[in-house]
Structure formats: structure tokens, C-alpha cells
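Participant: Next come a sequence and a model predicted from it.
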Amino acid sequence: MAKPISIEVWNPSGKYRVVSTKSMPGTRWIRLLTDNDCRLEICTEAKTILSVDDILALIGDRCDAVIGQLTEDWGEVLFSALKRAGGTAFSNMAVGYNNVDVEAANRNGIAVGNTPGVLTETTAELAASLTLAAARRIVEADQFMRAGLYEGWLPHLFVGNLLKGQTVGVIGAGRIGSAYARMMIEGFKMNLIYYDLYQATRLEKFVTAYGQFLKANGEQPVTWKRAATMEDVLREADVISLHPVLDKTTYHLINPERLAIMKKDAVLVNASRGPVIDEVALVEHLKANPMFRVGLDVFEDEPYMKPGLADMKNAVVVPHIASASKWTREGMATLAALNVLGKIKGYPVWGNPNQVEPFLKESATPPPACPSIVNGMPSSKL
Ligand SMILES: NC(=O)c1ccc[n+]([C@@H]2O[C@H](COP(=O)([O-])OP(=O)(O)OC[C@H]3O[C@@H](n4cnc5c(N)ncnc54)[C@H](O)[C@@H]3O)[C@@H](O)[C@H]2O)c1
Ligand SMILES: O=C(O)[C@H](O)CO
């Protein structure tokens, strides 16, 4: 018998039962659901990561939809339970959905939503922050100050890397990778080399136009290059930021062989998913190459770090906070709620998951659509 899970209930007489496995920022998402005849149950269990059994208990015998988190394991067990409970929709409160077995959702006829776009700039800004923190040794210097070790200016004190005119390498030049690239190019006049399975045409056009603008103003123009191989990026770039999805093709994309071809004083940033880097190999590389620096938002075995990483002065580590701005987190909650609400109401899927702004206007009624469904499941009946 599963242990009862503590919940908070909104609009108890609502016709559709929607469960959120976590409390989420803002109140608009709650209003949107309760104004549309949903009884909303928010899990209030004081436990950071819910187990599959916890979520089974939340789903219960009758449940129309669930809003879940990237820390949860959404596979056959949960999707079949949701189907048995009469459910048709699930949304991650995240753009990444590597925690979701989409095939299992398909087998059970469950629509799977995610929250693209609203976190693009916020995540890119954190990647840029990690780049600067690593390149300019901000955390080490902060710790030095707080330890009372500063005795006065010295020519060699915390010398780091200049970004201006250097080359930024982006692996995965999708929404976030392209936004990050623009920040580093506009902000620091870096040249771009990128690797993606697809051509980032808009990004290339931007760099070309910005280069022409700089030239017309008597400055050194910036340049771009689409690399034929990932290795080309790793060899040439001074700063490399990882922004691909996590799947079989990107698991341990950064491995010992690839670390070995990177510049000895390169900066590597990861705000995608932890398993994109072989973290054990990274720790060895950091030990052997003190001038090599990393900025990490994500880890291979979250919430843990591989042994030795926490001791490395050439690593800046933060706890998966790349999308953590108020506007973004409230927007993610809104998109997740509208994904499941749209399915419950039988709305179609919004045509362009890269343009979700119409759903985010605080005072406007959102369009009658599911902002982003990744498996194209047909809507349930009204
Ligand atoms: N740290 C965080 O808090 C945080 C926040 C948001 C997103 N993310 C992660 O970032 C990822 C990217 O988000 P996005 O909105 O930019 O997605 P996106 O789909 O726009 O971009 C992903 C890009 O990766 C590319 N790609 C896929 N396989 C590749 C491969 N083998 N080699 C090179 N490129 C490859 C795709 O072609 C695409 O352009 C998400 O899937 C998520 O895992 C993390
Ligand atoms: O994929 C995502 O959205 C992040 O990891 C959390 O914002």
C-alpha cells in the first residue's frame, strides 16, 4: 500500500483532475487551469525528487493530466498508470525531455509537452555567466577575498583569459546555442565556429551582418564557420559551449579523446545535460591541465558530482539554475499548464514551438492551442 502523498487542492469541484508533481513559480498557471474547470492538485511533499511510486500515488484512479519535472522518470509504468486513470496528457516543466520515454507515451496515447523558447535567453545568459566566471576566475578570486588572503595588487594575481577577438565554439546551435553565440559575438566580438546537424542560417546571417557593421565602423569584423566535424570546433575554439539535446548521439560527446584535442587553456561550458560530458574524464583533464577551465550547470549524476570535481579550482559549478529567472520559470509553468489544458480541451498543437510569446502575455487570453507537444498525439474529446 503506497504511502499517502501530501497535496494542496485548488478548485475542488473542477471537472478535470490535473496533478502537478511540484509547486511551480507564479500563479497564472494555476488560474488558467482552475478557470477552465480543472481541479488542480499540487504535490507538497517535502522531498526534492519524487519516486515513480510517489507519482503513481499522485495519479491515483482518475487523472486527466500531469505536469511533471525533469528529475522524474516518465516511462511505461507512469504512462500506463496515467492511461488507466483516464489521462491523455503529460507536460514536462522543461524544454529538455530526456527523462521521458516518448515511445512509452505513444504506446499509451499520452501527449507529451515541453516548454521551449521561454527559457532560451535566460539559459544562454547563464552559459555566458559561466563562461566569464571561468575565463576570469571569478569564483576563485571571490573565495580568496573572503578568506582574507588579499594583500594588495600583484601583476600575476588571478590572470585569466581575454575573450575579445577569440573564437567561441558552439556545439548544438539551436535556440539556446544560437542565443549564446550572439551574446558572445555581440558582447565580446568573438568569432564563431559551430557544429550542429543542421545549418544555423539565421545565426550565420546575423554574424555576417554584424561583421559588416563592425567593418563599416572601422573595427575588426567578426567571422563565422560551420564546422564539418565536432573535432574541428574542439581544436579551434578558445571557448566551447555545449547546447545539444541529450540523446544517444550526444551521450559522452566530450570524452577523453576529445578533451585531448582541445586547447590547453580552453574554457568549456555545459548548460545542456550532464551526461553530454564524461565527467570522470573531465576531472582527470582538469587535474592534468590547470589552465583548462570549465563552467558547469549540469552534472552526469545529478545531484551528485563525480569524485574530485568539487576540489578543482579550475571548475565553476552551479546547481542546474540556467533557466532560473522569475519571468522564465513563471513562463515555463504557464506553458506546461497550457500544454495539458489544451489537450484536455481538444485544442490543436500550436504551429511554431519557437514562437510561444502569445501564450505568455500576462493579461491576455492565451490562444486555443497546446504551445508545444513533442509527439503530436491527437487531442482528447471535450
Ligand atoms: N541547464 C538548463 O537549465 C537548461 C535549460 C534549458 C535547456 N537545457 C538543455 O538544452 C537543450 C537545448 O535546448 P534548445 O531549446 O536550444 O533546443 P533546440 O532543439 O533548439 O537545440 C538543440 C540543438 O542540438 C542539435 N543537435 C542534436 N543532436 C546533435 C548532435 N549529435 N551534435 C550536434 N548538435 C546536435 C539540434 O540539431 C539542435 O539544433 C535542451 O534539450 C535541454 O536539455 C538545459
Ligand atoms: O530542459 C530544461 O528546460 C532545463 O534543464 C530546466 O530549465
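Facilitator: That came through fine. Numbering: from 1, shown residues only. Ligands and ions are numbered 1, 2, ... in the order given.
Participant: Tell me which residue in this structure sits closest to ligand 1.
Facilitator: G174 (1.9 Å; C-beta to the nearest ligand atom). Any C-beta I mention is one placed from the backbone N, CA and C, and that applies to glycine too.
Participant: Next up, phi/psi of that residue, please.
Facilitator: The phi and psi values for G174, taken as degrees, to the nearest 10, are phi -90, psi -140.
Participant: list the contacts for it?
Facilitator: 196, 200, 243-245 (C-beta atoms under 8 Å, 6 or more residues apart in numbering).
Participant: Taking those residues together, which two end up most distant?
Facilitator: A200 and V245 (14.8 Å; C-beta to C-beta).
Participant: the more surrounded of these two?
Facilitator: Neighbours per residue (other C-beta atoms under 10 Å) separate A200 from V245, with A200 holding more: 22 against 15.
Participant: Now the closest residue to that one other than its chain neighbours: phi and psi?
Facilitator: Here the nearest residue to A200 in space, its sequence neighbours aside, is A173; by C-beta to C-beta, 6 or more residues apart in numbering that works out to 4.0 Å. Dihedral pair for A173: phi -100, psi 50, per degrees, to the nearest 10.
Participant: Verify the stated contact: A173 with H243.
Facilitator: Yes: counting by C-beta atoms under 8 Å, A173 touches H243, with 7.2 Å between them.
Participant: if we can go back for a sec, so what's the residue count around the residue nearest to A200?
Facilitator: A173: 26 neighbours (other C-beta under 10 Å).
Participant: Also G26?
Facilitator: 17.
Participant: On the three-state scheme, it is what?
Facilitator: Three-state call for G26 (DSSP: H, G, I helix; E, B strand; the rest coil): coil.
Participant: Now the nearest residue to it once chain neighbours are set aside: which helix or strand?
Facilitator: Once flanking residues are discounted, G26 sits nearest to E330: 3.3 Å by C-beta to C-beta, 6+ apart. Using DSSP states H and E, E330 sits within helix 326-345.
Participant: Could you list the buried residues of that helix?
Facilitator: 328-345 (16 or more other C-beta atoms under 10 Å).
Participant: That one - contacts with which helices or strands?
Facilitator: strand 16-20, helix 28-34, strand 65-68, strand 89-92, strand 111-113 (3 or more C-beta pairs under 8 Å, 6 or more residues apart in numbering; DSSP states H and E).
Participant: which parts of the stretch 251-382 of the chain sit against ligand 1?
Facilitator: 271-273, 297-298, 320, 322-323 (C-beta under 6 Å from any ligand atom).
Participant: what about 5 Å?
Facilitator: Proximity of the stretch 251-382 of the chain to ligand 1 (C-beta under 5 Å from any ligand atom) is limited to residues 271-273, 297, 322-323.
Participant: Mark which of those residues are buried, thanks.
Facilitator: 271-273, 297, 322-323.
Participant: Which ones among those map onto helices?
Facilitator: Per DSSP state H, helices hold no members of those.
Participant: Mind telling me the two of the residues you listed farthest from one another?
Facilitator: Applying C-beta to C-beta across these, the maximum distance is between R273 and S323, 12.8 Å.
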